[in-house]
Structure formats: C-alpha cells, structure tokens
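Participant: any chance you could fold what I've pasted below:
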Amino acid sequence: MKQELSELQLHIFDGEWTVGEYGDIPNGCGANGYNFYVQRGTPLESDWRMSAPTAPDIADELMDWLEGRGWTGIVGRTYAAGVSSVTVEAEKRSSYIDDLLITISSGVENDIVTIRATSTCEAGDRWELRELMFPDNLFDYDVVEREHPTETPKFGMATPAPTASPES
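Facilitator: Sure, this is the predicted structure:
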C-alpha cells in the first residue's frame, strides 16, 4: 500500500505532504477484521499549482496514469456547475488498497490535492494488532504533520518507502 501511494504522491507533487491520517491505527471492518486509513494532502499554505490547467484536466491525467499502473474501478466524478473540485476513485487490491479517493480542487491562491486510501479488510483482531504494534502505549510517539512520500514510515511493522522518481 505504501509503495503505491508514494508513487502516486510523487507523480502529483514531489515535496512534503500534510498528514491527515497517518495510516498506522488498525480499524475494525467486516465480522472480525481490520484495515487502515491513510490521508495525505498537498500543503495548504504554499502557492502550489497542478501541472494541468484545471481540476478536470488533472483528474483525466491521473485516471490514465492509474490505469497504466494496474489500478481498477477507476471513476472520475464532477460536482455541480461552479464547483472547482473533482474526485477520482480507484482500487488496487493486489496492493491491499480497497478504496482510493483523490480530491482535486483549484483555488484562487493554490491548488489542493488530497489522497485518502482504505486498505483491504484483512482477517484478524484489530485490538490484538494494536497491542503488537504499540505494546507500551498506542499514542506514545511523535505525530508527524508532514512527510515526503519517500520517507520511511515512523511506526512499528512498517516497510521501507519506495525509491520512486517523479517521472514514474
């Protein structure tokens, strides 16, 4: 999951992203399963602009990019007239991603892209997994506010981040 999301982030913006949900807390799903949520966003206070002129243009480019990398269930959604945000949804179960939601917004001072991913639901007790990952205290670590996509995650049971280039 981390590698796929890191490559997507690098494709959109090669810089530090704000962390909405870190992705290290097992959540309950199904009858007796767990999954994870990850959320990242481009920095709000920067004057960052998307490479395409409009949010629908970047959504089209991202849908092509995702399809070329084996993502499935790709759907683009627009809102009512006058709303400058669009979304792209996809999944890649082979990489344990059940739901990917990309929200793309054009702003007056900057553009904003938010990525939220939900992992597949895996069998197991989320409370036991939390205890394995955080045996002393669930929240006894520094909360990361920003993170570059290639940084190694700061929580237990993590895998190294990929070494992807922005061109990938």
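Participant: residue 39: neighbouring residues, count only.
Facilitator: If you count neighbours by other Cβ atoms under 10 Å, residue 39 ends up with 17. Heads up, the C-betas are built off the backbone N, CA and C, glycines and all.
Participant: test my guess that it contacts residue 17.
Facilitator: No. In this structure residue 39 lies outside contact range of residue 17 using Cβ atoms under 8 Å: 9.5 Å.
Participant: per-residue pLDDT of residue 61, please?
Facilitator: In this prediction, residue 61 carries a pLDDT score of 94.
Participant: count of residues packed around the residue nearest to it when sequence neighbours are not counted?
Facilitator: The shortest distance from residue 61 to any non-neighbouring residue, by Cβ to Cβ, 6 or more residues apart in numbering, is to residue 52 (5.7 Å). Under the neighbour criterion other Cβ under 10 Å, residue 52 is assigned a count of 16.
Participant: in this structure, which spans are helices?
Facilitator: 2-12, 55-68, 126-133 (DSSP state H).
Participant: return the most buried member of those.
Facilitator: Mean neighbour counts were compared across the helices of the chain using mean count of other Cβ atoms under 10 Å; the top stretch is helix 2-12, at a mean of 21.
Participant: I'd say residue 23 and residue 6 touch.
Facilitator: No. Using Cβ under 8 Å, residue 23 is not in contact with residue 6, being 11.5 Å away.
Participant: out of the helices and strands in the chain, which is least certain?
Facilitator: helix 126-133 (a mean of 85; mean pLDDT, DSSP states H and E).
Participant: strands along the protein, start to end?
Facilitator: 17-21, 27-29, 33-35, 37-41, 72-78, 85-92, 97-106, 111-119, 122-123, 146-147 (DSSP state E).
Participant: ok, and what's touching the last one?
Facilitator: Pointing back at strand 146-147 there. 16-19, 40, 43 (Cβ atoms under 8 Å, 6 or more residues apart in numbering).
Participant: out of these, which are buried?
Facilitator: 16-19, 40 (16 or more other Cβ atoms under 10 Å).
Participant: want to throw those into TSV with distance to residue 74 and pLDDT?
Facilitator: Formatted as TSV, the buried ones among the contacts of strand 146-147 follow (distance: Cβ to Cβ, whole Å; pLDDT from 0 to 100):
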residue	distance to residue 74	pLDDT
16	27	92
17	22	93
18	25	91
19	25	89
40	19	94
